[in-house]
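Undergrad: Sharing a model prediction with you, sequence too.
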Amino acid sequence: MRSIGLSCFALGIFGALTITTVGVVMLPLVVSAQEQETVVYTCSMHPQVRLPNPGKCPICDMPLIPAVSSSSPGNGNEVGMGSSKIELSEYARSMASVESVELKPMELSHDVYAVGKVSYNETALSTITARVDGYVERLFVNFTGIDVNKGDHLVEIYSPDLVVAQQEVLIAVRSGDRGSLLDSTLLKLSRWGLSEWQLKSLVESRKVTERVTLFSPISGTVISRNITQSGAFRAGDALYQIANLDTVWVYLDVYESQLPWLRYGQKVELITESLPNRKFAGMVTFVSPLVDEESRTIKVPVHIENPDHALKPGMFMSGRILATLSSSGQPAATGIEGKFTCPMHPQVLEDGAGSCPICGMDLKEIPGKSSLVGESILAVPASAVIDSGLRQFVYVEQKRGVFKGVEVKLGPRAGNYFPVLSGLNSGERVVVRGNFLLDSQAQISGQPSLFYPRGAAYQDAVNASPSDGKSRGQAAQTPHIH
């Protein structure tokens, strides 16, 4: 009903129009002397219907209306795409409420909003693994969530293998062998998890310790405990897992349609309901190369400093990624260009060359030129664009009351504007209100429009070619013969 009303309204308003069509059909080689303006009849609801005589629409039975087009089909072997103009009198322009604005360059920005969860910093996870078979004699850390420091005791174990290895050390010491036998035995105990001072104490005391204490190699929070009091374990079993929460990652779920706005180094502001008065700042350090097939989202980890451990893994957070566009329609520079980072740890940023503090790799310079000043880009209001899903169309007011349809290429939407990549120039006036009525009249008149790039007159010429043997009217009537 809405489309019927729109078409009828367009017919009522555009009774005061003058339609000018320029070169909708191009002659192959020679222009015929008999070329003249001919009248064809179309349906206001089905502009693809083109009949040479008045009557009723073969699809909906509505009365046909005349549509004027320049027709000279020639031999039908070569038909070009033309351009069209629609002229409105002041009265018609006022009745259609047509408004236009002038295009000008401007700075475009877009805030990408996303939600996500706090997770562990994957580079700060550590697992305490049993390197020998044994039994748990005493648990010092017997529940998860407790904070431990590097060197704190975790568990006291009994292992026959450790007892035998200690006896081998004492045999070497008592025999006076301070060479390869003693060194290899001490190295074996070190590989099995004994600390330096435990080995030194063994050599000095010359006593076998049946119960050996294992210590934490890092500082952090115990997030997993897989052993119990008096339980047995085997070599390779994970005893504890420890995470350093001084830094955390927030995995934001960003829809794939927002992917063109993302760039490494963009600033991110995050909030959480559990801490309503605090804002957390982070940076886009990585964009996952995989898309979740169920949610159609992409994981974007944001690195956040968390010295007071206020952020807990599993918390929900809302993020706002601050994105701006460059003149090329791509995300603008973020300010980290020219700095140095580690390919394996993108959260590491240094002003000069050097080695990664985490893995020791040589830092690489981030390509690009940093710019602290926003770039201006030609932008068109979103209300001026009519989109079919395959094409984007804008009506340009060439002079007062004269409009021309233009196919444009646009970048990602930024608020109420689209960046113009091609098709429009600065200073042109585009229609921001009434463009759908203009496009409806273009369709009815057989001119190029949103859904008919070459106009219905082009289809007339193609259908009238000898290879087809049928007119457009015959083709439209065929499916409705009973």
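TA: Structure received.
Undergrad: Could I get the full set of helices for the stretch 301-450 of the chain?
TA: Assigned by DSSP state H, counting those that start in this stretch, the stretch 301-450 of the chain shows helices spanning 435-444.
Undergrad: beta partners for L349?
TA: T341 (DSSP bridges).
Undergrad: Next up, the contacts around E210.
TA: E210 sits next to 158, 163 when contact means CB atoms under 8 Å, 6 or more residues apart in numbering. The C-beta positions use only the backbone N, C-alpha and C, and glycine is treated the same way.
Undergrad: Can you report phi and psi for the residue nearest to the spatial centre of the chain?
TA: Per CA atoms, centre = their mean, the C-alpha nearest to the average position across the chain is that of L259, at 1.2 Å. Dihedral angles of L259 (phi, psi; degrees, to the nearest 10) stand at phi -60, psi -40.
Undergrad: which non-adjacent residue is nearest it?
TA: I298 (6.3 Å; CB to CB, 6 or more residues apart in numbering).
Undergrad: again, but for E305
TA: T247 (5.8 Å).
Undergrad: The residue nearest to the centre of the chain touches T297, doesn't it?
TA: No: using CB atoms under 8 Å, L259 makes no contact with T297, being 9.9 Å away.
Undergrad: what's the helix or strand for the residue nearest to L259?
TA: According to DSSP states H and E, I298 maps onto strand 297-305.
Undergrad: chain center to that strand, what's the gap?
TA: Strand 297-305 sits 13 Å away from the centroid of its parent chain (CA atoms, centre = their mean, to the nearest Å).
Undergrad: how far away is R131 from F215?
TA: As judged by CB to CB, to the nearest Å, R131 and F215 stand 13 Å apart.
Undergrad: which element follows the longest helix anywhere in the chain toward the C-terminus?
TA: Longest helix of the chain, by residue count under DSSP state H: helix 160-174. Note on helix 160-174: by DSSP H and E, the next helix or strand toward the C-terminus is helix 180-191.
Undergrad: Quick check: buried residues in that following helix?
TA: 182, 185-186, 189 (16 or more other CB atoms under 10 Å).
Undergrad: Nearest to E269, out of the residues you listed: which one, please.
TA: L189 (51.2 Å; CB to CB).
Undergrad: OK, contacts around the closest residue in space to that closest one that isn't next to it in sequence?
TA: Take L189 and drop its neighbours on the chain: the residue closest to it by CB to CB, 6+ apart is A165, 5.3 Å away. Applying CB under 8 Å, 6+ apart to A165 gives the contacts 185, 188-189, 192.
Undergrad: Okay, A165 and A384: tell me how far apart.
TA: From A165 to A384 the distance is 80 Å (CB to CB).
Undergrad: Ok, F280 next?
TA: 39 Å.
Undergrad: more neighbours, the two?
TA: With neighbours defined as other CB atoms under 10 Å, F280 and A384 compare such that A384 has more, 24 against 21.
Undergrad: The more buried one reaches G434, doesn't it?
TA: No: here A384 does not reach G434: they are 10.5 Å apart, not a contact under CB under 8 Å.
Undergrad: sorry, back to before: more neighbours: which of R131 and F215?
TA: Between R131 and F215, counted using other CB under 10 Å, the more crowded position is F215 (19 against 16).
Undergrad: The longest strand belonging to the chain relative to strand 297-305, how many degrees between them?
TA: The residue-count maximum for a strand in the chain (DSSP state E) belongs to strand 109-120. Orientation of strand 109-120 against strand 297-305 (axes from the mean of the first three to the mean of the last three CA atoms, to 10 degrees) gives an angle of 70 degrees.
Undergrad: Burial check on P105, number of neighbours?
TA: As a burial measure, P105 scores 14 neighbours (other CB under 10 Å).
Undergrad: List the residues that contact it.
TA: By CB under 8 Å, 6+ apart, the contact set of P105 is 376-379, 426.
Undergrad: Between the residues you listed, which sits nearest N226?
TA: I377 (55.8 Å).
Undergrad: The closest one contacts L325, doesn't it?
TA: Yes: applying CB under 8 Å, one finds I377 in contact with L325, separated by 5.9 Å.
Undergrad: which of those two has more neighbours?
TA: Neighbour comparison, I377 and L325: the larger count goes to L325, with 25 against 22 (by other CB under 10 Å).
Undergrad: Chain neighbours aside, what residue packs nearest to the more buried one?
TA: For L325, the closest residue by CB to CB, 6+ apart turns out to be L108, at 4.4 Å.
Undergrad: what are the ranges of the strands in the stretch 351-482 of the chain?
TA: Counting by DSSP state E, counting those that start in this stretch, the stretch 351-482 of the chain has strands at residues 364-365, 376-381, 386-387, 392-399, 402-407, 409-410, 417-422, 429-433.
Undergrad: okay, those in TSV with mean pLDDT next?
TA: Listed next are the strands of the stretch 351-482 of the chain as TSV, based on pLDDT from 0 to 100:
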stretch	mean pLDDT
strand 364-365	88
strand 376-381	88
strand 386-387	90
strand 392-399	90
strand 402-407	89
strand 409-410	90
strand 417-422	89
strand 429-433	92
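Undergrad: May I see these organised as a markdown table, with distance to I321 added?
TA: Shown next, in a markdown table, are those (distance: least, CB to CB, whole Å):
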| stretch | distance to I321 |
| --- | --- |
| strand 364-365 | 24 |
| strand 376-381 | 19 |
| strand 386-387 | 25 |
| strand 392-399 | 25 |
| strand 402-407 | 31 |
| strand 409-410 | 21 |
| strand 417-422 | 18 |
| strand 429-433 | 29 |
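Undergrad: Out of the ones you listed, flag the one nearest F340.
TA: Of all the strands of the stretch 351-482 of the chain, strand 364-365 sits nearest to F340, with 5.5 Å by CB to CB.
Undergrad: Which other helices and strands does that closest one contact?
TA: Packed against strand 364-365, as judged by 3 or more CB pairs under 8 Å, 6 or more residues apart in numbering; DSSP states H and E, are the following elements: strand 340-341.
Undergrad: what's the strand it packs on packed up against?
TA: Strand 340-341 packs on strand 349-350, strand 364-365, going by 3+ CB pairs under 8 Å, 6+ apart.
Undergrad: mind listing what Q198 touches?
TA: Q198 touches 209, 212-213, counting by CB under 8 Å, 6+ apart.
Undergrad: So it, which state does it fall into?
TA: helix (DSSP: H, G, I helix; E, B strand; the rest coil).
Undergrad: Deepest-packed of the helices and strands packed on strand 340-341, please.
TA: strand 349-350 (a mean of 15; mean count of other CB atoms under 10 Å).
Undergrad: so for that one, what's the average pLDDT?
TA: The pLDDT scores in strand 349-350 average 86.
Undergrad: send the alpha carbons of the helix or strand that S100 is a member of over as CSV?
TA: Remark: S100 resides in strand 99-102, with elements defined by DSSP H and E. Extracted C-alpha coordinates of strand 99-102, given in CSV (Å, rounded to 0.1, in the frame of the first residue of the first chain):
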residue,chain,number,x,y,z
GLU,A,99,15.3,19.9,-0.6
SER,A,100,19.0,19.9,-1.5
VAL,A,101,22.2,20.7,0.3
GLU,A,102,25.7,21.5,-0.9
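Undergrad: Perfect, that will be all.
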